[in-house]
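Peer 1: Everything below, folded, please.
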Amino acid sequence: MQNYKQLIHDILLTGETSMDRTGTGTISKFGSRLEWDLAKGFPATTTKTLAWKSVVSELLWFLSGSTNTNDLREILHGSRTEGRTIWDANFEHQAVDLGYLNGDLGPVYGAQFHHNNQLNNFIEGIRDNPKSRRHIISLWNTDDLKDMALPPCHGLVIQAFVSNDNKLSIQWYQRSVDSFLGLPFNIASYALFTHILASILGLGVGKLIYVGGDTHIYTNHVSQCEELLSRKPLPLPSLEMPSFSTIDEVIITPISSFKLTDYKSHGSIKADMAV
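Peer 2: You can find the predicted model right below:
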């Protein structure tokens, strides 16, 4: 994950400071790209601890089609009423303002993955015609944006590519990213998504490619980023998970079945999420 560390360095060094929607303020650069070979290790950040259970639970929640924080809570904590999730603040600060109740967030990620059956069509399209250049998912549905507690930051375009040696690569475009808190989470999520799709399709894993728009560090995360930069990246772990035939199998699998083996990292670095 040296490339992630370099990105943090570049933003702090060359980014421009401005105020943002949350009122916190950011240091931003526009346009960024990172790439990993998934055959060489799972891209979990090692300069701070990755919240792996939260990564897995959120992805399964997306893939299930749910847009309710209580469903996410049940996946993560085994309870619909106990424990916090990373989406609770979005419900409390934004969904309630739209009139939503009881954990509803409007037609956010889960709804968009299943809009017009695009997730299943994506999988079947890769299976039927691997070399097509039309293997696309888009979570940016302009008709639904006004009703979302949070418009999609990532997944505006998710594109798949199958190489001649039958390896699946995924590239995603992210319009906006909190580079300290959010980007390591997003990287791990899309890496897991790639592994899951490859399993369903009987393919190997190839490259994971991130392309970013507004790539920023919140001004109240600067000291945390400086601490991260002082740490040396450690070897990447590997992923252990069951094999799958369908998405339906994936979403009923306990999060404990998805494991990072030989994962070693420096300690966690606490920071508040801007909402």
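
Peer 1: tell me the helices in the stretch 101-250 of the chain, going along the chain?
Peer 2: Taking DSSP state H, counting those that start in this stretch as the criterion, the stretch 101-250 of the chain carries its helices at 109-114, 118-128, 182-201, 222-229, 247-251.

Peer 1: how about those helices, which one is nearest Leu239?
Peer 2: For those, the distance to Leu239 is smallest for helix 182-201, at 5.6 Å, taking CB to CB. All C-beta spots, glycine's among them, are computed from the backbone N, C-alpha and C.

Peer 1: Taking helix 118-128 as reference, get the angle to the closest one.
Peer 2: Here helix 182-201 runs at 50 degrees with respect to helix 118-128, directions being taken by axes from the mean of the first three to the mean of the last three CA atoms, to 10 degrees.

Peer 1: Pull out the buried residues from helix 182-201.
Peer 2: Taking 16 or more other CB atoms under 10 Å as the basis for neighbour counts, the residues of helix 182-201 that come out buried are 182-201.

Peer 1: Give me the buried stretch members for stretch 167-177, please.
Peer 2: Of the residues in stretch 167-177, those scored as buried under the neighbour-count criterion (16+ other CB under 10 Å) are 167-174, 176-177.

Peer 1: What of stretch 145-161?
Peer 2: For stretch 145-161, the neighbour count (16+ other CB under 10 Å) marks 147-161 as buried.

Peer 1: and if you look at stretch 99-109?
Peer 2: Of all the residues in stretch 99-109, those buried under the rule 16+ other CB under 10 Å are 100, 103-109.

Peer 1: Need phi/psi at Lys259.
Peer 2: Main-chain torsions, Lys259, degrees, to the nearest 10: phi -130, psi 140.

Peer 1: Nearest to Asp71 among the buried residues of stretch 145-161?
Peer 2: After measuring the buried residues of stretch 145-161 against Asp71 - CB to CB - the closest member comes out as Ala149, at 14.4 Å.

Peer 1: How much space separates that closest one from Met273?
Peer 2: Summarising the geometry, the distance separating Ala149 from Met273, computed by CB to CB, to the nearest Å, is 14 Å.
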